[in-house]
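Enquirer: Here is a sequence with its predicted model. Questions after.
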Amino acid sequence: MYVCVCMAVTEEQIHEAARRGARTLNDLRRDLGVASECGSCATVARHCLKDAQEMRQKAAKAKRPTA
Ligand code: FES
């Protein structure tokens, strides 16, 4: 699904950016151009980035050995 139509950035690209270390909308803007034109994607892009970060945190917790 496209998140940023102006720059043709997909949800998967945002998840990949999060895996590479993107933490903020400014990071997405720098790395992918998200919200650098009309800006209407900013809110959805933030949600998408937050989802990606939460998924990474859950995956990291699942990998931790139990005591
Ligand atoms: S939709 Fe992302 S800058 Fe326009």
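Expert: Yep, that arrived.
Enquirer: What ranges does this protein have for its strands?
Expert: For the chain, the strands defined by DSSP state E occupy 2-4, 9-10.
Enquirer: which residues are contacting the shortest one?
Expert: Around strand 9-10, the neighbours that count as contacts under C-beta atoms under 8 Å, 6 or more residues apart in numbering are Met1, Tyr2, Val3, Leu28, Leu32, Gly33, Val34, Cys41, Ala45. Where you see a C-beta, it was placed from the backbone N, CA and C, and this is true even at glycine.
Enquirer: Which members of the residues you listed additionally contact the ligand?
Expert: Checked against the ligand using C-beta under 6 Å from any ligand atom, those yield the following neighbours: Val34, Cys41.
Enquirer: Show me which of the contacts of strand 9-10 is closest to the ligand.
Expert: The nearest member of those to the ligand, counting by C-beta to the nearest ligand atom, is Cys41 at 3.3 Å.
Enquirer: show me what contacts the spatially most central residue of the chain?
Expert: For the chain, the residue nearest the mean C-alpha position is Leu49 (2.9 Å; C-alpha atoms, centre = their mean). By C-beta under 8 Å, 6+ apart, the contact set of Leu49 is Ile14, Ala17, Ala18, Ala22, Arg23, Thr24, Leu25, Leu28.
Enquirer: which of the residues you listed has the most neighbours?
Expert: Among the contacts of Leu49, the one with the most neighbours (other C-beta atoms under 10 Å) is Leu28, at 28 neighbours.
Enquirer: Tell me if I'm right that it and Glu16 touch.
Expert: No. Leu28 is beyond contact range of Glu16, at 10.9 Å (criterion: C-beta atoms under 8 Å).
Enquirer: picking up where we left off before, can you lay out the strands of the chain as a markdown table showing mean pLDDT and mean neighbour count?
Expert: Output for the strands of the chain, formatted as a markdown table (pLDDT from 0 to 100; neighbours: other C-beta atoms under 10 Å):
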| stretch | mean pLDDT | mean neighbour count |
| --- | --- | --- |
| strand 2-4 | 98 | 21 |
| strand 9-10 | 98 | 18 |
